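Asker: no sequence on this one, just coordinates:
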């Protein structure tokens with residue numbers, strides 16, 4: 001009853017350890033070219049069930065162990081690579097399909113696993129890798145509001161050696177300014193430019209303050225009839241003294257969710273129609289936003305920011321019926337929409353580790369004691385639904401300061417991949433990142449100080465640890481001025497640990 005280990009040798013002949021039994025799937029009928037660059041492991045289990053683990057050499061080994069008399073546990077370690085689990089009932093090339101099994105993650109062992117029920121037929125499993133995400137990405141900012149000079153700087157920066165991709169940012173209100181009427185010209189222009197220069201694309205559709213006005217108009221006026229929630233917020237917790245009004249929908253509002261789902265559906269269809277879907281590397285998980293692509297909602301007050309112009313966000317959310325459960329419900333629907341219309345893509349989510357959401361409990365009451373980590377249930381659900389394809393990132397790096405540990409904690413807890421974006425302290429003038437100071441008094445970068453900043457993100461647990469970020473997001477002004485740092489950071493990102 002003990003499992004037997006089978007493997008394919010370099011001569012492509014089947015051998016067994018310790019048994020000399022024959023295995024049907026190992027007969028010469030399989031084309032030799034199909035095994036090129038692959039490792040195979042075959043586990044012959046009781047009740048006639050055979051489980052085959054197949055992997056590319058850049059992916060982790062799969063192991064299989066009998067869990068019960070009717071189930072086998074298949075496991076593989078966390079690495080710096082994304083993955084997709086596939087299964088088949090025979091070894092024909094066309095028979096492989098996405099596995100119906102949902103991987104779990106053991107945070108103590110840093111291991112993914114699935115449990116497969118044994119049958120009398122052969123079941124085969126393998127890991128494949130989604131698109132390679134690694135590299136330096138230029139952050140475009142909203143392409144619908146770029147000045148001609150800034151747009152030109154983005155274009156030129158794509159040609160700088162070491163730049164691997166483009167974070168293509170589009171406001172929902174720009175993409176769909178009228179209900180069911182889309183403006184594709186600008187999106188297609190930038191997609192084609194990225195494709196022509198061989199760049200990867202991370203597409204971010206902004207909601208939050210970029211929500212189109214028609215969402216809140218009545219259906220009789222070609223609107224969606226969503227209830228508007230009006231806030232006044234201040235970036236950087238009031239440090240800049242700027243107050244910005246915004247109108248958004250509750251993330252669990254069914255009319256908002258229907259409109260968001262429809263937009264993603266139409267977007268996917270359009271990209272396939274113009275033949276750029278295959279050039280899309282990953283998408284930012286948006287829909288629950290404030291003024292950026294980060295996962296957050298208005299949560300501040302006049303007292304917390306020291307600005308009288310800031311609205312009392314928790315009170316507004318209480319009146320709207322906010323609870324963590326309602327937030328999670330909306331998030332689940334958003335994740336399902338992304339997964340449905342972009343089933344073969346990777347995804348990223350930019351988090352705010354503290355105070356990203358109003359401190360309200362599931363009874364709708366203000367939390368007066370210790371506030372739970374509001375990101376935890378959101379990330380846990382996303383990691384479960386998008387196992388092997390989810391990047392958690394934090395949009396801030398600073399020279400001499402450790403990268404946010406929240407990104408590393410997500411990797412350790414949920415098996416997600418890691419990434420960072422530089423700070424944008426010179427953003428008001430289009431100057432990109434600073435390498436010291438604060439948002440009021442930023443310090444200009446040199447090649448050395450900028451590389452030091454980027455390396456904080458490349459090696460979030462220092463250079464002695466194998467954990468590496470998948471990518472870094474940077475701004476065009478820094479790319480154009482600090483080419484040596486960009487090239488070196490690129491080399492460090494794409495070189496395996």
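Answerer: Right, received. Where do you want to start? Note that this is a predicted model, so its numbers are computed, not measured.

Asker: measure stretch 362-376 end to end?
Answerer: Using Cα to Cα, to the nearest Å, the end-to-end distance of stretch 362-376 comes out at 15 Å.

Asker: what pLDDT, on average, does that stretch get?
Answerer: On average, the pLDDT along stretch 362-376 is 96.

Asker: residue 449: how many residues sit nearby?
Answerer: Neighbour count of residue 449, defined by other Cβ atoms under 10 Å: 18. Any C-beta I mention is one placed from the backbone N, CA and C, and that applies to glycine too.

Asker: packing partners of whatever helix or strand it lives in?
Answerer: Element membership for residue 449, per DSSP states H and E: helix 447-458. In terms of contacts (3 or more Cβ pairs under 8 Å, 6 or more residues apart in numbering; DSSP states H and E), helix 447-458 is packed against strand 417-421, strand 471-474, helix 483-494.

Asker: wait, what's in contact with residue 382?
Answerer: Residue 382 makes contact with 285, 331, 335, 347, 349, 390 under the criterion Cβ atoms under 8 Å, 6 or more residues apart in numbering.

Asker: hmm, 7 Å instead?
Answerer: Neighbour list for residue 382: 285, 335, 349, 390 [criterion: Cβ atoms under 7 Å, 6 or more residues apart in numbering].

Asker: buried subset of those residues as a ChimeraX selection?
Answerer: To isolate the buried ones among these in ChimeraX, judged by 16 or more other Cβ atoms under 10 Å, type:
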select :285,335,349,390
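
Asker: next up, the contacts around residue 271.
Answerer: For residue 271, the contact set (Cβ under 7 Å, 6+ apart) comprises 277, 280.

Asker: swap in 6 Å and give it another go.
Answerer: Applying Cβ atoms under 6 Å, 6 or more residues apart in numbering to residue 271 gives the contacts residue 277.

Asker: where along the stretch 201-350 of the chain do the strands fall?
Answerer: Along the stretch 201-350 of the chain, the segments classed as strands by DSSP state E, counting those that start in this stretch run 229-233, 244-248, 282-284, 346-350.

Asker: any chance of these in JSON lines with mean pLDDT and distance to residue 303 as columns?
Answerer: Below are those laid out as JSON lines (pLDDT from 0 to 100; distance: least, Cβ to Cβ, whole Å):
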{"stretch": "strand 229-233", "mean pLDDT": "97", "distance to residue 303": "14"}
{"stretch": "strand 244-248", "mean pLDDT": "96", "distance to residue 303": "18"}
{"stretch": "strand 282-284", "mean pLDDT": "98", "distance to residue 303": "32"}
{"stretch": "strand 346-350", "mean pLDDT": "98", "distance to residue 303": "27"}
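
Asker: which one of the ones you listed lies nearest to residue 92?
Answerer: Relative to residue 92, the nearest member of those by Cβ to Cβ is strand 346-350, separated by 26.8 Å.

Asker: list the buried ones in the helix or strand following that closest one?
Answerer: Moving toward the C-terminus from strand 346-350, the next helix or strand (DSSP H and E) is helix 375-385. Buried positions in helix 375-385, judged by neighbour count with 16+ other Cβ under 10 Å: 375, 378-379, 382-385.

Asker: what of stretch 218-237?
Answerer: 223-224, 226, 229, 231-235, 237.

Asker: what does stretch 341-357 give?
Answerer: Quick answer for stretch 341-357 (16+ other Cβ under 10 Å): 341-342, 345-353, 356-357.

Asker: now stretch 173-192
Answerer: Residues 173-176, 179, 186-187, 190-191 are the ones in stretch 173-192 that count as buried (16+ other Cβ under 10 Å).

Asker: can you tell me the closest non-neighbouring residue to residue 232?
Answerer: Spatial nearest neighbour of residue 232, excluding adjacent residues (Cβ to Cβ, 6 or more residues apart in numbering): residue 311 at 4.5 Å.

Asker: what about the lengthiest helix in the chain, average pLDDT?
Answerer: Determined from DSSP state H, the single longest helix within the chain is helix 254-273. Averaging pLDDT along helix 254-273 gives 98.

Asker: which outside residues touch stretch 162-179?
Answerer: By Cβ under 6 Å, 6+ apart, the surrounding residues in contact with stretch 162-179 are 135-144, 182, 187, 190, 194, 199-207, 210-212, 214, 222, 263, 473, 486-487, 490.

Asker: now do stretch 243-257
Answerer: Taking contacts as Cβ under 6 Å, 6+ apart, the residues outside stretch 243-257 that touch it are 208-209, 211, 224-226, 228-234, 288, 309, 320, 326-327, 329-330, 333.

Asker: among those residues, which are located in helices?
Answerer: Taking DSSP H, the ones among the contacts of stretch 243-257 that sit in helices are 320, 326-327, 329-330, 333.
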